[in-house]
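J.: Fold the following, please.
(chains A and B, ligands or ions: 3)
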Amino acid sequence: MTWKEVFTSSVGKKLVMSFTGIFLILFLIVHAGLNACIWANDGGTMFNAGAHFMGNNVVPRILEIGLFVGLFLHIIQGLMLEISNRSKRGTNYAVSYSKGSKWYSRSMGLLGTIILIFLVIHLSDFWLPNRAHQGFLLGEEINLYAKMQEEFSELWVVIVYVAGCLSLGYHLAHGFQSAFRTIGVHNKRYNAIFSCLGYGYAIIIPLAFIMMPISFYFHWLN
Amino acid sequence: MEHKNINLTLKVWRQQSTVSKGEFVTYQVKNISQEMSFLEMFDVLNEQLIQEDKEPIAFDHDCREGICGMCSMYIDGKPHGPWQANTTCQLHMRAFNDGDTITVEPWRAQAFPVLKDLVVDRTSFDRIIQAGGYVSVNTGNAVDGNSLPINKNDADASFAAAMCIGCGACVAACKNSSAMLFLSAKVSHLALLPQGDPERQSRVVNMVAQMDKEGFGACTNTGACEATCPKEISLSNIARLNQEYLLASFTSAE
Ligand code: HEM
Ligand code: SF4
Ligand code: FES
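T.: Ligands and ions are numbered 1, 2, ... in the order given. This is a model prediction of the structure:
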């Protein structure tokens, strides 16, 4: 079978979702870890040093391209799968079947779309102004800690971020386990591990992100 | 248990043919024994319709003992009705109360077009099975059953997968109209045994290709199929299918 046949089959498309999803899961650990430097409570010195390395060193900047490719593949494939899957029913049921599956597992496309809208807002808040300031190469950056302070002094911005991260949490509550099933983990013992890890991740990582705007809004940081 | 007779209102999907537009028609049935099966209740309703010179409702059934997989009815928002691990023919009227209104729909999926009323065309499943191809066996005398050592857990898992009766409830329950639970049962029961080994790669690849061609959706692991399956086929079969597919697609020679 050709690679084209593999990746255009329904199972192959799901493999793309799974590989890119696991890649994004790994990225978010790095992202959350680095951002947690705001809680060093040193007026942003440590955070800005980390941000400076990520924005001004060739290695993370090359990895950043990979991140965008992965994200793009995940979004496009995810939205196309959602549209295609929705078209397979034909006539809708008068009474829909909602028992037997969790609402968030049935709403991955919707949750993903909310995350996408959030991402557009989020990138144009921080990533875009910063890269524009750098001329999109390696140049002088803006003070991202000060930028966070400024953004997160507005209540509606905080609400948007909390909503975005909640959607991410539910997306991952299903997505994490699902990704490992998609790559073929069928052993009960391992499925139990991935299910625990998945719920843990889906709570801890989004919660860490949610606490960031909240910490700024309530002036818990100096 | 107390023996009771009940009266019910039924909202049943009626559709002349695949191309015609269907609609719900409401019927009253009276004095239904709670010992009856759901299909027997439909027999009573059809008798009533014949006596009124109306066309009886077309529905599929064969064994009426939970083994053939023909009785495809989507009852009150669940394939095969409210009971767990059960087929429509084995659903008894004690699952309902006097005065209930029950909505009965056909399986809905583009790959299962409605032929008439509650009868859908499930030959797409037959074509998926055919796409799996043959299983190599030695000719000559039948070998002794114990000549091939098989791990007990694998034999049990294979048997559990082979329980699938091809009813299509998994497709009917899935929000993506995916046939993955069915397909994974068919792939798993052979993939777990040495007898299925020689053709394991071509089997999974061809069956997935046929499933896609028939117009079923892609699996998103929601678990709705497992929850409604009359034979309790495990969702982990789908992960096994994914593994078989992944290995086949990355290691196949051509
Ligand atoms: C940006 C917008 C996003 C969209 C539109 C989107 C959309 C989707 C869709 C439609 C699915 C398929 C549903 C399923 O298979 O159950 C999915 C699965 C998944 N997503 Fe996302 N998603 C987005 C962002 C993210 C992010 C940021 C992450 C991770 C940090 C992520 C991780 C996952 C994982 C792990 C899966 C499961 C893959 C599998 O089942 O094999 N997604 N996504
Ligand atoms: S997997 Fe279960 S629900 Fe699906 S066809 Fe087989 S027996 Fe029916
Ligand atoms: S009629 Fe055979 S399983 Fe119901």
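J.: tell me which strands and helices the helix or strand of chain A with the lowest mean pLDDT is in contact with?
T.: Ranking every helix and strand in chain A by mean pLDDT, DSSP states H and E puts helix A:3-8 at the bottom, with a mean of 91. Applying 3 or more C-beta pairs under 8 Å, 6 or more residues apart in numbering or on different chains; DSSP states H and E, one finds that helix A:3-8 contacts helix A:10-35. No exception for glycine: its C-beta is placed from N, CA and C like everyone else's.
J.: Pull out the buried positions in the helix it packs on.
T.: Using 16 or more other C-beta atoms under 10 Å in any protein chain shown as the test for burial, helix A:10-35 gives A:10-25, A:27-28, A:31-32, A:34-35.
J.: which of those are close to chain B?
T.: Contacts with chain B within the buried residues of helix A:10-35, as defined by C-beta under 8 Å from any C-beta of the partner chain: A:10-15.
J.: Mind putting those into CSV with pLDDT?
T.: Formatted as CSV, these follow (pLDDT from 0 to 100):
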residue, pLDDT
A:10, 96
A:11, 97
A:12, 96
A:13, 96
A:14, 96
A:15, 96
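J.: ok, now which ones touch the closest residue in space to residue B:175 that isn't next to it in sequence?
T.: Nearest residue to residue B:175 in three dimensions, chain neighbours excluded: residue A:106, at 5.3 Å (C-beta to C-beta, 6 or more residues apart in numbering or on different chains). Residues near residue A:106 by C-beta atoms under 8 Å, 6 or more residues apart in numbering or on different chains: A:98, B:175, B:222, B:224.
J.: hmm, which two among those residues are most spread apart?
T.: Greatest spatial distance in those: A:98 and B:222, 10.5 Å, computed using C-beta to C-beta.
J.: where do the helices sit along the stretch 1-150 of chain B?
T.: B:38-51, B:123-131 (DSSP state H, counting those that start in this stretch).
J.: These: which one's closest to residue A:176?
T.: Residue A:176 lies closest, by C-beta to C-beta, to one member of the helices of the stretch 1-150 of chain B: helix B:123-131, at 30.0 Å.
J.: Could you count how many residues lie near the closest residue to ligand 1 within the stretch 1-150 of chain B?
T.: Nearest residue of the stretch 1-150 of chain B to ligand 1 (C-beta to the nearest ligand atom) works out as residue B:109 at 18.5 Å. Close neighbours of residue B:109, defined as other C-beta atoms under 10 Å in any protein chain shown, add up to 27.
J.: Not counting sequence-adjacent ones, nearest residue to it?
T.: Nearest one to residue B:109, counting by C-beta to C-beta, 6+ apart, is residue B:177 at 3.9 Å.
J.: repeat for residue B:57
T.: Residue B:57 sits nearest to residue B:117 (C-beta to C-beta, 6+ apart), 5.1 Å away.
J.: How about residue A:71?
T.: residue A:24 (6.6 Å).
J.: And the one you found, how far from chain B?
T.: Between residue A:24 and chain B the distance is 17 Å, computed by C-beta to the nearest C-beta, to the nearest Å.
J.: For residue A:84, give me its contacts.
T.: B:217-218.
J.: for the closest residue to residue B:159 other than its chain neighbours, phi and psi?
T.: Nearest residue to residue B:159 in three dimensions, chain neighbours excluded: residue B:189, at 7.5 Å (C-beta to C-beta, 6+ apart). Torsion angles at residue B:189 (phi, psi; degrees, to the nearest 10) stand at phi -70, psi -20.
J.: And residue B:189, what's its pLDDT?
T.: In this prediction, residue B:189 carries a pLDDT score of 95.
J.: Can you tell me the number of residues neighbouring it?
T.: Applying other C-beta under 10 Å, we find 20 residues neighbouring residue B:189.
J.: ok, now residue B:28?
T.: 10.
J.: ok, now how distant is it from residue B:47?
T.: 14 Å (C-beta to C-beta, to the nearest Å).
J.: Show me what the host helix or strand of residue A:51 is packed up against.
T.: Residue A:51 is located in helix A:45-56, with elements delineated by DSSP states H and E. In this structure, helix A:45-56 makes packing contacts with helix A:10-35, helix A:58-86, helix A:144-151, judged by 3+ C-beta pairs under 8 Å, 6+ apart.
J.: If you average the pLDDT over that helix, what comes out?
T.: Mean predicted lDDT for helix A:45-56 stands at 94.
J.: What is the end-to-end distance of stretch B:59-67?
T.: 17 Å (C-alpha to C-alpha, to the nearest Å).
J.: Up against ligand 1, what does chain A have?
T.: A:14, A:17-18, A:21, A:24-25, A:28, A:74-75, A:78-79, A:81-82, A:108-109, A:112-113, A:115-116, A:119, A:171, A:174-176, A:178-179, A:182 (C-beta under 6 Å from any ligand atom).
J.: Spell out the secondary structure type for the closest residue to ligand 3 within chain A.
T.: The minimum distance from chain A to ligand 3, using C-beta to the nearest ligand atom, falls at residue A:97 (19.0 Å). Here residue A:97 is recorded as coil under DSSP: H, G, I helix; E, B strand; the rest coil.
J.: Is it in contact with residue B:173, as I believe?
T.: Yes. With contacts counted by C-beta atoms under 8 Å, residue A:97 reaches residue B:173, the gap being 5.2 Å.
J.: what residues are shared contacts of the two?
T.: B:78-79, B:224, B:228.
J.: can I get the residues you listed in TSV with pLDDT, neighbour count and distance to chain A?
T.: Listed next are these as TSV, based on pLDDT from 0 to 100; neighbours: other C-beta atoms under 10 Å in any protein chain shown; distance: C-beta to the nearest C-beta, whole Å:
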residue	pLDDT	neighbour count	distance to chain A
B:78	97	23	6
B:79	97	28	7
B:224	97	29	4
B:228	97	27	6
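J.: Sort out which one of those lies nearest residue B:36 for me.
T.: Of all the shared contacts of residue A:97 and residue B:173, residue B:36 sits closest to residue B:78, with 19.3 Å by C-beta to C-beta.
J.: wait, that closest one sits on residue B:225?
T.: No. Residue B:78 is beyond contact range of residue B:225, at 12.0 Å (criterion: C-beta under 8 Å).
J.: Now list whatever residues contact both of those two.
T.: Shared contacts of residue B:78 and residue B:225, defined by C-beta under 8 Å, 6+ apart, are found at residue B:173.
J.: Which one of the helices of the stretch 1-150 of chain B lies nearest to residue A:210?
T.: So among the helices of the stretch 1-150 of chain B, helix B:123-131 is nearest, using C-beta to C-beta, at 45.1 Å.
J.: Could you point out the helix or strand that follows the closest one?
T.: Next along from helix B:123-131, by DSSP H and E: helix B:152-162.
J.: buried stuff in that next one?
T.: B:157-158, B:160-162.
J.: just checking, what packs against it?
T.: helix B:180-191.
J.: Next, see if the helix it packs on gets close to ligand 1.
T.: No. On the criterion C-beta under 6 Å from any ligand atom, helix B:180-191 is out of touch with ligand 1, staying 11.7 Å away.
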